[in-house]
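Undergrad: coords below, sequence missing:
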């Protein structure tokens, strides 16, 4: 049964399958689940992560879900795998240009959340700073992520 569920997930997450030609639907087929967005968030914050780094996130992703989401994001060109400089047993994950282009979306999600939900005071202050000059923040962050 678990293999069947994984096959269904992989069908929908595959870069060649989409539910419709709607731009929102096509996008959601690639990154539209909470775990994929949290992986992208972690890479935006840390620039590159190991498998173990993702497992340390406070949301507590299961290893099987992490593996499938990383594979789907890689197959769709949102992230890439790099050799780890210190260990042949580890790999680093990094956002591609396509993945980095999701930054404005994540910022808007953060702004929306700050407006409607009680979030951590540190994050609230960070979002307030971003809102002061969103375009400049995005430009600087994209430059940092691409370097």
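TA: Arrived safely, thanks for sending. Quantities reported herein were computed from a predicted structural model and do not represent experimental measurements.

Undergrad: how about residue 51, what does it touch?
TA: Each residue near residue 51 by CB atoms under 8 Å, 6 or more residues apart in numbering is listed here: 66, 70, 90-91, 93. For the C-beta atoms, the positions are set from N, CA and C on the backbone; glycine is no exception.

Undergrad: ok, now with 7 Å
TA: Listed by CB atoms under 7 Å, 6 or more residues apart in numbering, the contact partners of residue 51 are residue 66.

Undergrad: before we move on, what about the one 4 residues further on?
TA: The contact partners of residue 55, taken as CB under 7 Å, 6+ apart, are 61, 63, 66.

Undergrad: now, which of these sits nearest residue 114?
TA: Residue 114 has its nearest neighbour among the contacts of residue 55 in residue 61, at 23.6 Å by CB to CB.

Undergrad: just to check, that closest one is in contact with residue 54?
TA: Yes. Using CB atoms under 7 Å, residue 61 is in contact with residue 54, at 6.4 Å.

Undergrad: neighbour-wise, which of those two wins?
TA: Taking other CB atoms under 10 Å, residue 61 and residue 54 do not tie; residue 54 has more neighbours (22 against 18).

Undergrad: from memory that one sits against residue 39, does it?
TA: Yes. Using CB under 7 Å as the test, residue 54 is close enough to residue 39 to be in contact (6.2 Å).

Undergrad: residue 81 in helix, strand or coil?
TA: The three-state assignment at residue 81 reads strand, by DSSP: H, G, I helix; E, B strand; the rest coil.

Undergrad: great, nothing more from me.
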